Each structure stands twice: as structure tokens, then as C-alpha cells.
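# one predicted model, sequence on top.
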Amino acid sequence: MLNNQGRPTAPHESSAPAQSARKTFTSNRALQIEEALIFEIGGNSATGVDIDEPAAFAPRLGAHERASPIGLPGLSEPETLRHYVRLSQKNYSIDAGLYPLGSCTMKHNPRLNEAMARLPGFGDIHPLQPQSTVQGALELIDALAHWLMTMTGTHAVAMTPKAGAHGEMCGMMAIRAAIEARGESGARNVVLVPDSAHGTNPATAALIGFTVRAVPARDDGTLAIEAVQAALGPDVAAIMLTNPNTCGLFERDVIAVAEAVHAAGAYFYCDGANFNAIVGKARPGDLGIDAMHINLHKTFSTPHGGGGPGAGPVVLSDRLAPFAPLPFITRAGGALRLEEHGGGGQAFGRITAFHGQMGMFVRAYAYMLSHGSDGMRQASEDAVLNANYARVCLSDLMSPAFGARTCMHEALFSDEWLKGTGVTTLDFAKAMIDEGYHPMTVYFPLIVHGAMLIEPTESESRASLDLFIMALRDLAFAVKRGDTARFTGAPYFAPRGRLDETRAARQPVLRWRPRAPVSDAQAAE
Ligand SMILES: *Cc1c(COP(=O)(O)O)cnc(C)c1O
């Protein structure tokens, strides 16, 4: 209504369920309140604070003095508060309900973690404080590093990367440094990436200057050792392999892959985003990996997906350990030191300004200590059990991507069962929104047609899973009955209907511009 930039701000005109199309005077729907941009609701007449007029002064900015008004929106405190609270309510989260987004491990972040992260000794410190005043925080980082190495069976870890993709970059930069140290940097410039990989893998390899060579997965969704051998050569620097992989399957040939890669003089980067399926069950170091990132925000429950920043420490094999980035922690006598310069001399440099995501380290460590080794192993077992429960309960109506094969932490379906129904994977996902469920991951991994990837995680109770499964079964029966209207325009009950996603991606409106310039009189306010 207020927006003049081509974004529809009125609820979608829908063809289906009559009452959903009914308009309201305010555009609010039930207690879901329509919210304009802060620039559209704020004006020049209000302010949340009371500041004295500044005394007259002569600015000395010369040519840098602002010539036009800044145009910030003015709102009272309650208006501001309501704006942000309403926006926060539009952000679906694991705290609001089941969030089965495959490959994302949207698990519960226990409130104990929050309490620990807010302790003043962790929450109120500054990265530039003298190290002698933050010994406890360094101790926590060191203890977390110890347990990450213990759980993965490795001897070094770089704690600073701030996300999974950032960890990939860190690990691949260590590999590049190791190859340079061997004097082979011109010769080895290819990275093998299976075609089931997460898009960040080829993106990382390409970003730091490698050429990507795709390795096809076999029909059962895993990588065959023969395919890896065929792709290996003296030009190969590394393989990037996800295990368990993005099809939710454990790579059975992983040890043979590691041996073949090492025999060819290359390194094994493992994408560890799916570590939640095997914590306490298998140690990636025993499988022959050289580097692996761990998404603390997936496996160790720290909030993500709009709820908080990530953290992607990378464990390293002995062969790569000397190339780990700065800073790292050393112990001298009783005190801990953050080694900021030089180190052993072979560090590839640094990839963050400071030491990593302290708040996330505290949450992940609190999660580990409160669960214990038995609790973490059980979390992995329950995550796998829940995924298989969903897989089995939906297999008679939907098409499991790999037959009756047991999956790890996520269940993958193809769109085979939708063929000829007029309903697509996207339609099905949108109809889930009407049922109050965040959709699963769709159209990923790319090797499965119309993929639907469900990862319930261990956080869900049996009752919660049963309700989710019944909702999906009800939708699947509607597909089979030919009730396509329930899908093709969905979501009908959301304040926004189906958006033109292609146009949104191709012509995004990322900047708000005022309709008329602010006048000098307004600017003087
Ligand atoms: C989530 C994920 C990543 C990237 O992790 P971010 O923390 O989002 O950068 C990489 N690979 C796989 C398989 C993932 O699931």
C-alpha cells in the first residue's frame, strides 16, 4: 500500500479457499499485523529520545559537510519497539516450531547455553583486552578445541572461521599452503567435487583459484571409489567430500577414497556439516581426512538461520597442522597466550580480525558439557532414528530417493510420486506453510529430481513428529485425490501469497528511496 517500489504489499489475490481471499480493512490477518518499512512509518515529527539543541558551532568539515538531509525515520519508543517486535514475529525459528530444513540441522539451542554465554566473563569482554584479563575465555576456547579434536580423532584445529563455508575456505587455504610448501603449486590446481556436493564446496575451491572437476555419484547416491580413481591425477590438489553426504547417506568407500587420494599425493577435505549424524559413533580422523569444518551452529546447537552467527572451526591432520592460520592458543607455564604473529612460521596467514565467535564457543561448550559423551552419542542416534521414522512413515505415499535404504540424519524423497499430478515439489512445500510447517529443503541435492530433504533432528518428540507426518500424509492424500487447487496457489493463509520468485531473484529491490526529497524545513527538525 505504502510501497511504491513494485513490491506487492497487499495480500495475494487467491483463487482458492474462499475465506482466505477475504480482505480486511487494515490488511492485517487475524493477529498477524501488516508491517511497513520503518522509513514508511517513521517521519520527521517524532523521536524516541529527548536531546538538547546543540550550541551554535562552526563545522570544520569543509567539502565533507552534509549537503542534503540524512532522512532517518523518527518514531516514538513504543512505535519503534512494536516495529521490531512485529518483524521478529515474522521470522520463523526453531523456537516457534518444527524446522525440518535438510542439511541445516535446525536443532534446539538449550537455554542453559544462553545463560552461560551471558556470564560477564564471556559476554562483556573485548577482543582487544590484555590477554592476562581474559584467561578464562582463552581457557574455554582451548577446552572446546580439545574436545573437537577428541571427537574427530585429530590433533590440530583452527578455531577462527565464522561459518561452514568460511571453514571450507580455511581448510582449502591450508591445503594450498601445504602444496606450495612442497613446491607443487603450479602443478596441482584441480579439486575433485562430487556432483551431490553443497554449492559452497565448488564455490570455495573456485574462489581460491582451483579448477573444479566434478565426480559423478552412482545411482545409490554415494561415491564409487572407481569414479574417484578415474578423476585422480598428478594435477589434483584435493577432494572435497561430504560425509555423511547430502543425500543423507554414509559414504561406504570413504576409507578407500582417502587412501587413493593420499596415494595420488592429494589431500582429503571433508565437509563436516553433517557431523550431527555420527558424533560419538565415528571419528573422521580415523577415516583419513586431512581437514574438516564443524558447523558449531548445526552439530552443537548454537543458534543460526537468522537467530545468530555461525562458527566453523576446522580440524586438521598432522600434515596440515603447521599451516593452520593465526591466531592460535599456546600455553606457557600456567598462562594461555593467543599467538598473533609468526607462530611456527608456516601459518598461511589469518582469516578473521580476532579469535572467532566467542559467544558461539561458549554455547557449544555448554552443550557438550551438559550432554556428556553419552548424551552427544544419543543425540546423534536420535537424530538418525527420527529421520528414519519420517522416511518409513512417508515411504508408502512419497518416493524415497534410494528405496528402502536406511538413511542417516535426513530422509530424501524425489518427486517421482508427483509425476502427472500437476503438483510440483515447490507447490507441495508451499502447501506445508498453510499447515504451519516450515518446508523441508527442496531441489537439493541436485542429483535427485525434485528433491525433498527432511531433517527433523533429535529435538523433536514422537508426538511432534507424528503430527508433522500426519500433516504431510494429509497433503499427499490430497495430491492423490487430485485436489490440485490446495497446492498450485499455496500458501493461501500466509499474509503473502506465492511470490514471483524468478522476478524477485532477477530484479531484487534492495534499496528504499524516498518518494520526494526531504525539504530543508523538515531537515532542520
Ligand atoms: C550448511 C552446509 C554448509 C555451509 O555451512 P554455513 O555455515 O552455512 O556456511 C556446507 N556444506 C553443507 C553440506 C552444509 O549443509
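Looks like it arrived, so ask away.
# look up phi and psi at the closest residue in space to Phe275 that isn't next to it in sequence.
Residue nearest to Phe275 in three dimensions, not counting chain neighbours: Thr299, with 4.5 Å by C-beta to C-beta, 6 or more residues apart in numbering. (Each C-beta comes from the backbone N, C-alpha and C, glycine too.) Backbone torsions for Thr299, taken as degrees, to the nearest 10, come to phi -60, psi -40.
# then Asn295?
Torsion angles, degrees, to the nearest 10, at Asn295: phi -80, psi 100.
# what number of residues lie near it?
26 (other C-beta atoms under 10 Å).
# helices of the stretch 151-300 of the chain, start to end?
For the stretch 151-300 of the chain, the helices defined by DSSP state H, counting those that start in this stretch occupy 164-181, 200-207, 225-231, 254-263, 296-299.
# what's the first helix or strand after the shortest one?
Spelled out, that is helix 296-299. As assigned by DSSP states H and E, the chain's next helix or strand after helix 296-299 is strand 314-316.
# report the distance from that next one to the chain centre.
Offset of strand 314-316 from its chain centre (C-alpha atoms, centre = their mean, to the nearest Å): 19 Å.
# mind checking if it is in reach of the ligand?
No. Using C-beta under 6 Å from any ligand atom, strand 314-316 stays clear of the ligand, with a minimum separation of 12.0 Å.
# what lines up beside that strand in the sheet?
strand 156-158 (antiparallel), strand 291-293 (antiparallel) (DSSP bridges).
# wouldn't Thr406 be in contact with Ala387 here?
No. Shown here, Thr406 and Ala387 do not form a contact pair, counting by C-beta atoms under 8 Å, at 9.4 Å.
# neighbour-wise, which of these two wins?
Higher neighbour count among Thr406 and Ala387: Ala387, with 28 against 14, using other C-beta under 10 Å.
# is that one in a helix, a strand, or coil?
helix (DSSP: H, G, I helix; E, B strand; the rest coil).
# which residues touch it?
Contacts for Ala387 (C-beta atoms under 8 Å, 6 or more residues apart in numbering) come out as 248, 407-411, 454-456.
# select from those the one having the most neighbours.
Glu410 (33 neighbours).
# quick check: that one touching Met106?
No. Counting by C-beta under 8 Å, Glu410 does not reach Met106; the two are 11.3 Å apart.
# what sits in contact with each of the two?
Common neighbours of Glu410 and Met106 (C-beta under 8 Å, 6+ apart) are Glu455.
# tell me the residues of the stretch 301-450 of the chain that contact the ligand?
Residues of the stretch 301-450 of the chain found near the ligand (C-beta under 6 Å from any ligand atom) are 310, 312.
# let's go with 8 Å and repeat that
304, 310, 312 (C-beta under 8 Å from any ligand atom).
# Gly482: which of the residues you listed is nearest?
The nearest member of these to Gly482, counting by C-beta to C-beta, is His304 at 39.4 Å.
# tell me how many other residues surround that closest one.
24.
# ok, now which ones touch it?
104, 106, 295, 297-298, 310.
# redo those as JSON lines? Include pLDDT.
Below are those laid out as JSON lines (pLDDT from 0 to 100):
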{"residue": "Cys104", "pLDDT": "96"}
{"residue": "Met106", "pLDDT": "96"}
{"residue": "Asn295", "pLDDT": "98"}
{"residue": "His297", "pLDDT": "97"}
{"residue": "Lys298", "pLDDT": "97"}
{"residue": "Gly310", "pLDDT": "92"}
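# now for those: which two are most distant?
Met106 and Gly310 (12.8 Å).
# these two: who's more crowded?
Met106 (25 against 21).
# helix, strand or coil for that one?
coil.
# leaving out the residues flanking it, which one is nearest to it?
Tyr99 (3.8 Å).
# how is the chain divided into domains?
In terms of domains, the chain is parsed into 20-47+73-90, 113-368, 379-506 (source: automatic domain parsing).
# and those as JSON lines, adding distance to Arg66?
Formatted as JSON lines, the domains of the chain follow (distance: least, C-beta to C-beta, whole Å):
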{"stretch": "domain 20-47+73-90", "distance to Arg66": "16"}
{"stretch": "domain 113-368", "distance to Arg66": "30"}
{"stretch": "domain 379-506", "distance to Arg66": "34"}
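# looking at the chain, which residue ends up farthest from its center?
Ala56 (50.4 Å; C-alpha atoms, centre = their mean).
# are we agreed that that one is in a helix?
No. With three-state DSSP as the criterion, Ala56 is located in coil rather than a helix.
# so what pLDDT did it get?
In this model, Ala56 is scored at 91, pLDDT.
# I'd like the distance between it and the ligand.
According to C-beta to the nearest ligand atom, to the nearest Å, Ala56 stands 52 Å off from the ligand.
# what's the answer for Gly450, then?
Counting by C-beta to the nearest ligand atom - Gly450 and the ligand are separated by 19 Å.
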